[in-house]
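Peer 1: Requesting a structural model of the entry that follows:
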Amino acid sequence: DDYLDKASALDQLSSKQAEGVKTIQANQRDPAQQRQEAQATLHDLTDTRKDLGDKQHNVQGKLADAQNAANSLTSRHLPQPPHADPRATRPPALVVVTTVDTPDRAETLAAGAIEARLAACVQIVGPVTSVYRWQGAVENAREWQLHLKTAERRYPALEEWLLSHHDYDTPEILATPVTGSPAYLRWIAEETAPDAG
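Peer 2: Residues are numbered from 1 along each chain as shown. Below is the predicted model:
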């Protein structure tokens, strides 16, 4: 019996040793096989990286195309800023209109405004017929119009001068902004400059 027990224990031990050897062999793969598996994994990672690079390149290309399309639409459909300020080459000017009751009075006012450099040019138009209400009654008068060309910055001085030299109680003084040829507008500005010689 003792012999059988020892034989049985020896069989069990041998069996366990065999299982242990199989486990160790399973866990200890051949280095060549491990190297092949590592190279396969590296190859897969390289392919994945290349695919990601290609996708990034495609996305960047599509973004560049979209930006170019947006720039093209902007340049075609939005107003472009002016290259220069028109006021720099076309000084602001006014035509100021007033009326008087005689041609002599019109010529006196015109000459005085030119001499004071409050207007560069005055045109006298008339006679004209003016119909208006004054102190409750409808009036009809024969008048002469003066069209005074002046620089916008000189208007306050021109208005003050007209009020002080006009013989009407409430003279017509109307100022209208105008534009025109740059050379003529510059001439108006030069001729109405207070310090012009």
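Peer 1: As a check, name the ranges of all helices in the chain.
Peer 2: Along the chain, the segments classed as helices by DSSP state H run 2-27, 31-77, 86-89, 103-115, 155-165, 182-191.
Peer 1: got the contact list for the closest residue to Ala120 other than its chain neighbours?
Peer 2: Nearest residue to Ala120, sequence neighbours excluded (CB to CB, 6 or more residues apart in numbering): Glu191, at 3.7 Å. In this view, the C-beta of every residue, glycine as well, is placed from N, C-alpha and C. By CB atoms under 8 Å, 6 or more residues apart in numbering, Glu191 lies in contact with Arg117, Ala120, Cys121.
Peer 1: What does the pLDDT read for Ala64?
Peer 2: Model confidence at Ala64, given as pLDDT, is 76.
Peer 1: what's the burial count for it?
Peer 2: Counted by other CB atoms under 10 Å, the residues lying close to Ala64 total 10.
Peer 1: Distance of it relative to Gln56?
Peer 2: Going from Ala64 to Gln56 by CB to CB, to the nearest Å gives 13 Å.
Peer 1: cool, Ala113 as well?
Peer 2: Taking CB to CB, one finds Ala113 at 75 Å from Gln56.
Peer 1: which of these two has more neighbours?
Peer 2: Legend: neighbour count by other CB under 10 Å for Ala113 and Gln56, higher for Ala113 (25 against 10).
Peer 1: need the contact list for that one.
Peer 2: Ala119, Val122, Leu148, Leu158, Trp161, Leu162.
Peer 1: Most neighbours among these, which one is it?
Peer 2: Ala119 (28 neighbours).
Peer 1: ok, that one touching Thr192?
Peer 2: Yes - between Ala119 and Thr192 there is a contact under CB atoms under 8 Å: 6.7 Å.
Peer 1: so what sits against both of these two?
Peer 2: Common neighbours of Ala119 and Thr192 (CB under 8 Å, 6+ apart) are Thr150.
Peer 1: Measure how buried Ile124 is and give me the count.
Peer 2: Neighbours around Ile124, by other CB under 10 Å: 14.
Peer 1: same deal with Leu185?
Peer 2: Leu185, neighbours per other CB under 10 Å, totals 21.
Peer 1: What score does the spatially closest residue to Thr89 that is not a sequence neighbour have for pLDDT?
Peer 2: In this structure, Thr89 finds its nearest non-sequential neighbour in Pro182, 4.9 Å apart by CB to CB, 6+ apart. Pro182 carries a pLDDT score of 95 in this model.
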